[in-house]
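Engineer: Next input, structure requested:
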Amino acid sequence: MEKEKGIYTPQFWLLCTGSFLFFSSFNMLVPELPDYLSSLGGEDYKGLIIALFTVTAGLSRPFSGKMTDTIGRVPVMIIGVVVCLVASFLYPFFTTVLPFLIIRFFHGFSAGFNPTGTAAYIADIVMPHRRGEAMGIHAMAGSLGMAFGPAIGGTVMIYFDYPVLFYTSSFLAFLSLIIVFNVRETLPESRRKPLTLSFFKLKKSEFFDKNVLPAAVVVFLAAFCHGAVITLIPDHSKALGVENKGFYFLIYTLGAIAIRLLSGKWSDKIGRTPVIKIGVIALIVCMIININVQTTSGLVISALIYGITIGIVSPVCQAWTIDLASEHHRGRAIATMYIFHETGIGTGAFFPSLIYGNNISNLPYAYYTCLIMAVSALAFLVCYERRDSWKFI
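Structural biologist: Numbering: from 1, shown residues only. Sure thing, here's the model as predicted:
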């Protein structure tokens, strides 16, 4: 009964608020960093903005997963927020390309830690038959951060300059840190261990959880498309005459909010994969639109459909991951999912941007790579559902 009531406790809402501020903090920078890097003379390195961030996020996942399962959920969340705060604060002090990329690399540790601890925390307080619902509600808080963050960043840049943008991001992370400090630990004290140097020597079995690979594969394919979108859309928006480069992010995230509330609950009733397939089909439609869009209204339609994808795939794949994981290795399982997520975003940011090459006429070809990945995700889900009859998986 305690777990059943745990969805709507003050602790849960504190967690949601902290996640809103955390996601707002680093997402408000995303649409503005390509132009900032260009102003430093690094126009040819735009693809590294997302790629470097996701590399460190991915590299840190095995450690954050192990820490989540041993020293606790809350310390892992705190580490992620502190890194976000420090990195955002340091950006204005580094005004050449290489130092900027180093800070960007460091910034990725924030995404490698905070979401891992957060997802495990939610799994601790929610019964399995309401897991999708809880993930959907929490994901809505993250979606609000992803929506308002870029919009806030775009507004700041209209009236102020880059240092104000970075300090605002750091301040939001500071507010998130205050909230996370007030969240009670859920990992039983009997399972907690002190942090020692030997802790950082990982065994092969601690790098990833093979039980959650089906969910991780889908996450990778969808994340590849996401990496491309967040890298290409700022330039795509500018080419279509949209002044605020956070506009697309605002539209798709607002579109995802209502869907998140429904998709998680729906997946609790009819299953994870049938619901995820709907999100993947929406992703396919979105990529087809992006290949052909030439108007602002077309961009809005694309953003709304992409919102359906994000609103379904993200929370339901998280719930699916936890379903497949053992109770004592939730941190490792979630870390595995996020490793595939970061790898997908990094490769999706890097390779399509190479195809794009800062040439607007090449955008459709960059989006074609995303279309291939989205179709592959749908094919994988169909094969997974029929694995018993096909002996495929």
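Engineer: can we go C-alpha only for contacts and neighbour counts from here?
Structural biologist: Fine.
Engineer: Name the next helix or strand following the helix or strand L213 falls within along the chain.
Structural biologist: Assigned by DSSP states H and E, L213 belongs to helix 213-239. For helix 213-239, the following helix or strand on the C-terminal side (DSSP H and E) is helix 247-270.
Engineer: per-residue confidence averaged over that following helix?
Structural biologist: Mean pLDDT, helix 247-270: 80.
Engineer: sorry, back to before: how far does the helix holding L213 sit from the chain's center?
Structural biologist: Distance of helix 213-239 from its chain centroid, counting by C-alpha atoms, centre = their mean, to the nearest Å, is 10 Å.
Engineer: Show me what it is packed against.
Structural biologist: helix 47-70, helix 296-324, helix 330-356, helix 363-385 (3 or more C-alpha pairs under 8 Å, 6 or more residues apart in numbering; DSSP states H and E).
Engineer: now with 6 Å?
Structural biologist: Packing partners of helix 213-239 (3 or more C-alpha pairs under 6 Å, 6 or more residues apart in numbering; DSSP states H and E): helix 330-356, helix 363-385.
Engineer: Report the angle between it and helix 330-356.
Structural biologist: 40 degrees (axes from the mean of the first three to the mean of the last three C-alpha atoms, to 10 degrees).
Engineer: Any buried residues in helix 213-239, and which?
Structural biologist: 213-237 (16 or more other C-alpha atoms under 10 Å).
Engineer: Make a markdown table from the helices and strands packed on helix 213-239 and add distance to A173 to it.
Structural biologist: As requested, these are exported to a markdown table (distance: least, C-alpha to C-alpha, whole Å):
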| stretch | distance to A173 |
| --- | --- |
| helix 330-356 | 21 |
| helix 363-385 | 32 |
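Engineer: where does whichever strand or helix holds F109 sit relative to the chain's centre, distance-wise?
Structural biologist: Using DSSP H and E, F109 sits within helix 97-125. Taking C-alpha atoms, centre = their mean, the mean C-alpha location of helix 97-125 is offset from the chain mean by 10 Å.
Engineer: after that helix, next one along is what?
Structural biologist: By DSSP H and E, the next helix or strand past helix 97-125 is helix 131-159.
Engineer: Just the C-alphas of the next helix or strand after that following helix, formatted as PDB.
Structural biologist: Downstream of helix 131-159, the first helix or strand assigned by DSSP H and E is helix 162-180. Extracted as PDB, the C-alpha positions of helix 162-180 are listed here (Å, rounded to 0.1, in the frame of the first residue of the first chain):
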ATOM      1  CA  TYR A 162      25.700  34.500 -24.300                       C
ATOM      2  CA  PRO A 163      27.100  35.000 -20.700                       C
ATOM      3  CA  VAL A 164      23.500  35.800 -19.400                       C
ATOM      4  CA  LEU A 165      22.300  32.600 -21.200                       C
ATOM      5  CA  PHE A 166      24.900  30.400 -19.500                       C
ATOM      6  CA  TYR A 167      24.500  32.000 -16.000                       C
ATOM      7  CA  THR A 168      20.700  31.500 -16.300                       C
ATOM      8  CA  SER A 169      21.300  27.800 -17.100                       C
ATOM      9  CA  SER A 170      23.600  27.500 -14.100                       C
ATOM     10  CA  PHE A 171      21.000  29.200 -11.900                       C
ATOM     11  CA  LEU A 172      18.300  26.700 -12.900                       C
ATOM     12  CA  ALA A 173      20.600  23.800 -12.100                       C
ATOM     13  CA  PHE A 174      21.200  25.400  -8.700                       C
ATOM     14  CA  LEU A 175      17.500  25.500  -8.000                       C
ATOM     15  CA  SER A 176      17.300  21.800  -9.000                       C
ATOM     16  CA  LEU A 177      20.100  21.000  -6.600                       C
ATOM     17  CA  ILE A 178      18.300  22.500  -3.700                       C
ATOM     18  CA  ILE A 179      15.300  20.400  -4.400                       C
ATOM     19  CA  VAL A 180      17.200  17.100  -4.900                       C
END
